[in-house]
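Asks: sequence plus predicted model, see below.
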Amino acid sequence: MKKVIINIILIITSFIIYLLQANFFSWFTIADIMPNLFVILVLFIGLFSNRTMGTVYGVIIGLILDLIIGTKIGINSIGLGLIGFLAAVFDKNFSKDSRMTIMVMSIVATAVFESLSYILSYIFISIQVEIINFIRILAIELIYNLILTIIFYPLMQKFGYYMENEYKGNKILTRYF
């Protein structure tokens with residue numbers, strides 16, 4: 001029952017993030033660039049749940065974004081699915097307790113998502129390659145996502161450990177006794 005409640009909360013959070021990104025952050029842009037809150041959400045889900053859940057949520061959220069705002073179906077879903085998978089790799093290799101490691105994970109996840117989206121857009125949509133413009137957009141979005149990660153970190157951590165306890169549990173002792 002708790003897992004169903006967690007999934008309902010994550011779906012409602014995804015809807016709220018979409019409304020924030022579509023409405024609120026369209027007014028508060030930096031050089032006409034908005035943050036990508038979905039990268040932070042999928043990173044959070046992958047870090048505190050498991051690899052499958054992070055990847056599935058990433059693909060589903062990306063597919064919905066592709067259907068609503070995308071020009072080609074699959075670009076956001078591939079990118080966010082990869083972020084969900086990458087978050088599980090981060091979880092195995094790094095600590096989630098340190099704010100600095102979460103900040104670095106957020107920077108890496110945003111850079112990977114934006115780079116992959118740019119490459120896939122070049123391949124499928126045949127956009128013009130403008131490296132300087134891409135680096136400017138990437139730098140601003142990295143800073144924006146980093147600031148939002150710092151702001152939302154305490155809330156993410158509190159709910160994340162609740163979610164982690166429910167999905168992963170404390171299975172260390174059961175393996176040995």
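Replies: Perfect, I can see it now.
Asks: for the rest of this, base every contact and every neighbour count on C-alpha atoms.
Replies: Noted.
Asks: what distance do you get for the residue nearest to the spatial centre of the chain to Ser77?
Replies: The chain has Val39 as the residue nearest its centroid, 2.3 Å off, counting by C-alpha atoms, centre = their mean. Val39 sits 11 Å away from Ser77, taking C-alpha to C-alpha, to the nearest Å as the criterion.
Asks: residues in contact with stretch 131-143?
Replies: Ile30, Ile33, Met34, Pro35, Asn36, Ile107, Thr110, Ala111, Glu114 (C-alpha atoms under 8 Å, 6 or more residues apart in numbering).
Asks: need the pLDDT of Phe85.
Replies: For Phe85, the pLDDT comes out at 93.
Asks: I figured it was touching Phe48, is that so?
Replies: No. Phe85 is not in contact with Phe48 according to C-alpha atoms under 8 Å; the separation is 12.0 Å.
Asks: between these two, which one's more packed in?
Replies: Phe48 (26 against 23; other C-alpha atoms under 10 Å).
Asks: hang on, the more buried one packs against Lys158?
Replies: No. Contact between Phe48 and Lys158 fails when scored by C-alpha under 8 Å: they sit 10.4 Å apart.
Asks: which of the helices or strands spans the residue nearest to the centre of the chain?
Replies: helix 37-48 (DSSP states H and E).
Asks: please name every helix or strand in contact with that helix.
Replies: helix 2-19, helix 51-69, helix 75-93, helix 99-125, helix 131-167 (3 or more C-alpha pairs under 8 Å, 6 or more residues apart in numbering; DSSP states H and E).
Asks: what about that helix, average pLDDT?
Replies: 93.
Asks: of the contacts of stretch 131-143, just say which sits nearest to Ile60.
Replies: Asn36 (15.9 Å; C-alpha to C-alpha).
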